[in-house]
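[1] Sequence first, then the predicted structure:
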Amino acid sequence: MENIGTTVTITKSEYRTCVVKGRNVLFHTWEEKSSIVEPSKMMGGHDGGVIRTTVGIIEYEDGIVTECYPYEIRFTDNKFKDYHFKEEDEKNE
């Protein structure tokens with residue numbers, strides 16, 4: 001195979017701890033999925049097109065990687081403590 005002169009850089013990812021369906025998991029990233037829906041041949045049916053959804057890529061403690069819907073994820077790493085909200089200043093004035 002010929003080397004085409006490309007460079008691959010691997011960067012360290014920061015995984016987030018969370019719980020999905022009562023199980024501890026590591027959150028890896030968000031992914032957008034899409035699928036094509038054929039037009040319905042029935043009278044008044046669906047026009048067809050592309051349906052998109054966002055899923056989370058997660059890893060269970062046993063190493064299995066899968067996807068889940070955003071509403072199934074409860075982050076446990078309390079990232080909010082790292083952010084400053086303007087409303088907090090206004091409350092304290």
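    Good, I have the coordinates.
[2] wait, residue 52 sits on residue 32?
    Yes. Residue 52 is within contact range of residue 32, at 6.0 Å (criterion: Cβ atoms under 8 Å). Yep, even glycine has a C-beta here, placed from its N, CA and C like the rest.
[3] outside of stretch 58-68, which residues touch it?
    Stretch 58-68 is contacted from outside by 15, 18, 20-21, 23-28, 31, 33, 55-57, 73, using Cβ atoms under 8 Å, 6 or more residues apart in numbering.
[4] redo that, cut-off 7 Å
    Here stretch 58-68 makes contact (Cβ atoms under 7 Å, 6 or more residues apart in numbering) with 20, 23, 24, 25, 26, 27, 28, 31, 55, 56, 57.
[5] Name the nearest of those relative to residue 81.
    Set against residue 81, the nearest of these by Cβ to Cβ is residue 27 (17.4 Å).
[6] Dihedrals phi and psi, the residue nearest to that closest one when sequence neighbours are not counted?
    Distances taken as Cβ to Cβ, 6 or more residues apart in numbering place residue 16 nearest to residue 27, at 4.3 Å, with adjacent residues excluded. The phi/psi pair for residue 16 (degrees, to the nearest 10) reads phi -110, psi 140.
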